[in-house]
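>>> Give the three-dimensional model of this entry:
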Amino acid sequence: MTRVDVALVAGGRFHDFDFARLELLKLLAELGDDVRVKVWDNYEDERVTKSDCLVTYTCDVRPSVEAQQAIADWMAAGRKWFALHGTNAILEFGPPKPVQSPRALPIWMHTLGSQFIAHPKLHAYRVQNVAQDHWFTKGIDDFDSGADEELYLCEYHGRCTPLLATSFTGMATGFAESEWPKDEPRLVAYTHHHGAGEILYLTLGHCRSKYDMQPFVSEYPNNERGSWEVPQYYELLRRGLRWATGVGPTT
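Residues are numbered from 1 along each chain as shown. Purely as a prediction, here's the structure:
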């Protein structure tokens with residue numbers, strides 16, 4: 001086994017990044033001493049693209065154009081990126097009051113293959129395995145997300161191969177693009193190629209605690225753990241990290 005350098009980017013707004021960062025580091029530690037991890041809360045450090053792979057859990061982190069292009073070029077050369085939850089989310093708050101998802105980072109969203117637009121009220125939803133023979137989902141039965149999970153409603157760029165999906169029609173109250181009437185699959189996990197590189201995106205994993213809604217709320221009343229309390233989520237995380245690092249089986 002040779003050394004594998006992992007860039008872990010975990011940071012942003014409105015989520016408990018301390019919790020998510022620690023959980024991901026513990027899972028990466030399971031892979032052994034050859035996996036070495038550097039951690040950032042943004043994408044600007046040039047050492048991100050000197051790593052062997054990228055793992056991200058961010059929300060409303062907006063890379064500079066230079067960082068976006070550097071990561072896009074690095075991915076196109078054949079890297080792997082395991083992107084989690086709000087990596088594709090950028091948010092603007094009023095006035096006007098509804099939350100908007102500006103199309104301000106086209107390089108970023110086209111590299112990832114999607115952009116978050118809205119989510120309905122936090123709730124448990126059924127996650128369906130729509131790729132039974134794929135290594136990421138093989139042997140995983142349909143399951144329920146956590147009780148306080150965010151169901152991501154996204155727009156997609158390029159070809160995205162669905163792995164997990166759910167259903168939703170209705171209102172995403174509080175978001176500028178609030179009406180979602182079409183009865184179509186909402187992707188929970190997918191793969192997307194960018195050049196010779198591949199992105200594995202998993203939207204599950206909401207978490208939030210006491211101070212994570214400042215400055216809007218001084219102390220948030222709930223401790224939300226989303227699907228971090230669901231065994232299938234941890235199995236998916238382990239599989240995704242094995243794939244990204246090349247350590248351990250992915251079949």
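>>> bridging residues for the residue positioned nearest the centre of the chain?
Nearest residue to the geometric centre of the chain (CA atoms, centre = their mean): residue 84, 1.9 Å. Residue 84 forms beta bridges with residue 57, residue 202, as assigned by DSSP bridges.
>>> Let me see the contact set for it.
Residues in contact with residue 84 (CB atoms under 8 Å, 6 or more residues apart in numbering) are 20, 55, 56, 57, 201, 202, 203, 204, 205. C-beta here means a position set from N, CA and C on the backbone, and glycine is covered the same way.
>>> Helix or strand: which one has the first one?
Same thing as residue 20. Residue 20 belongs to helix 17-29 when assigned by DSSP states H and E.
>>> Could I get the full set of strands for the stretch 1-150 of the chain?
4-12, 35-40, 53-59, 80-84, 114-118, 126-129, 143-144 (DSSP state E, counting those that start in this stretch).
>>> Could you export these as JSON lines, including distance to residue 178?
Listed next are the strands of the stretch 1-150 of the chain as JSON lines, based on distance: least, CB to CB, whole Å:
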{"stretch": "strand 4-12", "distance to residue 178": "23"}
{"stretch": "strand 35-40", "distance to residue 178": "33"}
{"stretch": "strand 53-59", "distance to residue 178": "19"}
{"stretch": "strand 80-84", "distance to residue 178": "25"}
{"stretch": "strand 114-118", "distance to residue 178": "7"}
{"stretch": "strand 126-129", "distance to residue 178": "22"}
{"stretch": "strand 143-144", "distance to residue 178": "25"}
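>>> looking at those, which is buried most?
strand 53-59 (a mean of 25; mean count of other CB atoms under 10 Å).
>>> Does anything pack onto it? Which helices or strands?
With contacts taken as 3 or more CB pairs under 8 Å, 6 or more residues apart in numbering; DSSP states H and E, strand 53-59 sits against strand 4-12, helix 17-29, strand 80-84, helix 231-245.
>>> Those: which one's closest to residue 95?
In terms of CB to CB, the element of these nearest to residue 95 is strand 4-12, at 22.5 Å.
>>> and that closest one, what's its mean pLDDT?
Averaging pLDDT along strand 4-12 yields 98.
>>> Which elements pack onto it?
Going by 3+ CB pairs under 8 Å, 6+ apart, strand 4-12 lies up against helix 17-29, strand 35-40, strand 53-59, helix 231-245.
>>> Quick one, which of those gets closest to residue 7.
strand 53-59 (5.0 Å).
>>> Run the angle between that closest one and strand 114-118 for me.
Put simply, strand 53-59 runs at 20 degrees to strand 114-118, going by axes from the mean of the first three to the mean of the last three CA atoms, to 10 degrees.
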